[in-house]
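Chemist: Okay, predicted coordinates and the sequence, questions at the end:
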2 protein chains.
Amino acid sequence: MNAREALEISRKVKENVKKSIKKIEDKGVNVGMGKDGTPTKKIDKVAEDAALEILKEYDVKIVSEEIGVVGDGDITVALDPIDGTFNASRDIPIYCTSLCFSKSKYFRDVFLGYVYNLAVDVEYYANNYAYKNGKKIEVSDESSIYCNAIVYYPKKDYGFRRIRIFGSAALELCFVADGSVDCFIDLRGKNGFLRIYDVAAGAYIAKRANAIVTDLEGNSLDYKQFTMEERLHIIAANRKLHEKLVKLIK
Amino acid sequence: MNAREALEISRKVKENVKKSIKKIEDKGVNVGMGKDGTPTKKIDKVAEDAALEILKEYDVKIVSEEIGVVGDGDITVALDPIDGTFNASRDIPIYCTSLCFSKSKYFRDVFLGYVYNLAVDVEYYANNYAYKNGKKIEVSDESSIYCNAIVYYPKKDYGFRRIRIFGSAALELCFVADGSVDCFIDLRGKNGFLRIYDVAAGAYIAKRANAIVTDLEGNSLDYKQFTMEERLHIIAANRKLHEKLVKLIK
């Protein structure tokens, strides 16, 4: 499978997800317990079923929020059918389908990241370069800490100009990728909060848009694994700002 | 002028604003200095011109971000042509036109609040009751601090379940009004940060959806004035939660 094929599959997946969630009433109702250990919302279940309906036709291994790990192909796909469930279930228009394809179980071997804002039909993807609706994108060149930051959650006043928290890590990393915001920082949890399916696609898109994307110590994500167990802290920004942020947060 | 007329005027204004910003390139370019003392972005200027084109046909006094106070009618209109300029200039789909009509210069005499999300065409308004796309809305009944909160900016860990910061106070107050989030808190500035045109409409919509909307001490907004000078702190939530929040934040 190459990046072109992975992109085609991603587009089929998001189309099926989009169609599936249109008819749902009571999107936010709990319908069980996910493999990630949190309650499964109806919209997540319906969207995951729709995504798997497409993905099961391919020889891939899938790591996904509700169902856990399925399949045993050589290509691993980190899938988040709906990233931003809270927003989606309230019609707040910031939620997406996110897919990330790797040739191994490591982030190092990712060859396609795909993020699609379902509420307003905006598509981000990256293979060698990163694109928003087909146009090449790049991170901002803001190097001051007095910048526009997405931060979950600031532990003190770091001196940012603006802080935003939109509630979809995948999309927010794309906002870094296209320069809409200057950095994305997730400090939650002692050993991280985010899962690989939350961030792999967005992180790869940001990376291909010239962001540096690391954990809080500044270590690359290369050896982060596509498993249900992996948890991540994230700092993503252009090189200059990233360097300052790692020092600031340490 | 009654609420029905004010609603019709508001709809004309948002239509003209929506049309005007469609064609803009370089939405975020600075084009001068606003009466609020911050640089005027191109999108704000274009949107305000479009709003004033409609409003000048009526005998009203307008309080608006860029132009300041114009007109001398008995009815005062707090106008924010674009609330959420940061998002609008980046195509992040959370920004709105906001209008609030009062029979005097005080919040006490408001008779219509109007907020329209321009990115996804969602309309909120309130006269006696509050509505989202024509359907009556009401605040959530969550009474625990472990709730979904919008907070600019938490000074410590208050124990909220989720914190979101979407970047449009007018819309965020409507998210409280329709129960999407449980509370909105703005702690910024020693004497407040928000202006009356940022929050009057949203605050009125939240109030009519059964939220309690006050400053940090729990005082009603009734005597807040529709002037460029007025600054506000805000706590908005259902009655039970509001009571806890005021104690918590004091």
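Modeler: It's in. Numbers count the residues shown, from 1 in each chain, chains lettered A, B, ... in the order given.

Chemist: mind giving me the domain ranges of chain A?
Modeler: A:3-136, A:148-249 (automatic domain parsing).

Chemist: Check the ones you listed for me and report the most buried one.
Modeler: domain A:148-249 (a mean of 21; mean count of other CB atoms under 10 Å in any protein chain shown). C-betas here are computed from N, CA, C, even on glycine.

Chemist: ok, back up a step: do you know which of the domains of chain A lies nearest B:Ala50?
Modeler: With CB to CB, the closest approach to B:Ala50 among the domains of chain A belongs to domain A:3-136: 22.0 Å.

Chemist: hmm, the closest one in reach of chain B?
Modeler: Yes. Using CB under 8 Å from any CB of the partner chain, domain A:3-136 comes into contact with chain B via A:86, A:90-94, A:117, A:119-120, A:122.

Chemist: and A:Leu216, that's in a strand?
Modeler: No. With DSSP: H, G, I helix; E, B strand; the rest coil as the criterion, A:Leu216 is coil rather than part of a strand.

Chemist: Among the residues of domain A:3-136 next to chain B, which lie within strands?
Modeler: Members of the residues of domain A:3-136 next to chain B lying in strands (criterion: DSSP state E): A:117, A:122.

Chemist: Let me see the ranges of the helices in chain A.
Modeler: Secondary structure of chain A (DSSP state H): helices at A:3-22, A:42-55, A:85-88, A:169-177, A:196-208, A:239-249.

Chemist: In CSV: the ones you listed, plus mean pLDDT.
Modeler: Listed next are the helices of chain A as CSV, based on pLDDT from 0 to 100:
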stretch, mean pLDDT
helix A:3-22, 96
helix A:42-55, 94
helix A:85-88, 95
helix A:169-177, 98
helix A:196-208, 96
helix A:239-249, 97
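
Chemist: wait, which of the ones you listed is closest to B:Asn238?
Modeler: For B:Asn238, the closest of those is helix A:85-88, at 18.6 Å, according to CB to CB.

Chemist: and the closest one, what other elements does it pack with?
Modeler: Counting contacts by 3 or more CB pairs under 8 Å, 6 or more residues apart in numbering or on different chains; DSSP states H and E, helix A:85-88 packs against helix A:42-55.

Chemist: Report the backbone C-alpha coordinates of the helix it packs on in PDB.
Modeler: Extracted C-alpha coordinates of helix A:42-55, given in PDB (Å, rounded to 0.1, in the frame of the first residue of the first chain):
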ATOM      1  CA  LYS A  42     -23.500   6.300  20.400                       C
ATOM      2  CA  ILE A  43     -21.900   8.600  17.800                       C
ATOM      3  CA  ASP A  44     -18.500   6.900  18.400                       C
ATOM      4  CA  LYS A  45     -20.000   3.400  18.000                       C
ATOM      5  CA  VAL A  46     -21.900   4.300  14.800                       C
ATOM      6  CA  ALA A  47     -18.900   6.100  13.400                       C
ATOM      7  CA  GLU A  48     -16.500   3.300  14.200                       C
ATOM      8  CA  ASP A  49     -18.800   0.700  12.700                       C
ATOM      9  CA  ALA A  50     -18.900   2.800   9.500                       C
ATOM     10  CA  ALA A  51     -15.100   3.200   9.400                       C
ATOM     11  CA  LEU A  52     -14.500  -0.500  10.000                       C
ATOM     12  CA  GLU A  53     -17.000  -1.400   7.300                       C
ATOM     13  CA  ILE A  54     -14.500   0.200   4.800                       C
ATOM     14  CA  LEU A  55     -11.200  -0.700   6.500                       C
END
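
Chemist: got the angle between that helix and helix A:3-22?
Modeler: On the basis of axes from the mean of the first three to the mean of the last three CA atoms, to 10 degrees, helix A:42-55 is oriented at 140 degrees to helix A:3-22.

Chemist: Nearest approach to B:Lys27 belongs to which of the domains of chain A?
Modeler: Across the domains of chain A, closest to B:Lys27 is domain A:148-249 (CB to CB), at 11.8 Å.

Chemist: Spit out the contact partners of A:Val77.
Modeler: Applying CB atoms under 8 Å, 6 or more residues apart in numbering or on different chains, we find A:Val77 in contact with A:55, A:60-63, A:99-102.

Chemist: From chain B, how far off is the closest residue to A:Ser64 other than its chain neighbours?
Modeler: Residue nearest to A:Ser64 in three dimensions, not counting chain neighbours: A:Leu79, with 4.2 Å by CB to CB, 6 or more residues apart in numbering or on different chains. Distance, A:Leu79 to chain B, by CB to the nearest CB, to the nearest Å: 23 Å.

Chemist: Kindly state the beta-bridge partners for A:Leu79.
Modeler: The partner list for A:Leu79 in beta bridges (DSSP bridges) reads A:Ser64, A:Leu99.

Chemist: check contacts around it.
Modeler: A:13, A:48, A:51, A:55, A:62-65, A:98-99, A:197.

Chemist: Tell me which residue is most central in chain A.
Modeler: A:Ala170 (2.7 Å; CA atoms, centre = their mean).

Chemist: So it is in contact with A:Leu99, correct?
Modeler: No. In this structure A:Ala170 lies outside contact range of A:Leu99 using CB atoms under 8 Å: 9.6 Å.

Chemist: what sits against A:Tyr125?
Modeler: Going by CB under 8 Å, 6+ apart, the list of residues near A:Tyr125 reads A:7, A:10, A:112-115, A:131, A:205.

Chemist: Please read off the pLDDT at the nearest residue to A:Ile185 once chain neighbours are set aside from the model.
Modeler: Counting by CB to CB, 6+ apart, A:Ile185 lies nearest to A:Val151, which is 4.6 Å off, once chain neighbours are set aside. A:Val151 is assigned a predicted lDDT (pLDDT) of 96.

Chemist: Correct me if wrong: A:Val151 contacts A:Arg188.
Modeler: No. Contact criterion CB under 8 Å: A:Val151 and A:Arg188 do not qualify, at 10.1 Å.

Chemist: what residues are up against A:Ala177?
Modeler: Contacts of A:Ala177 (CB under 8 Å, 6+ apart): A:124, A:126, A:130, A:132, A:137-139, A:202, A:205-206, A:208-209, A:211.
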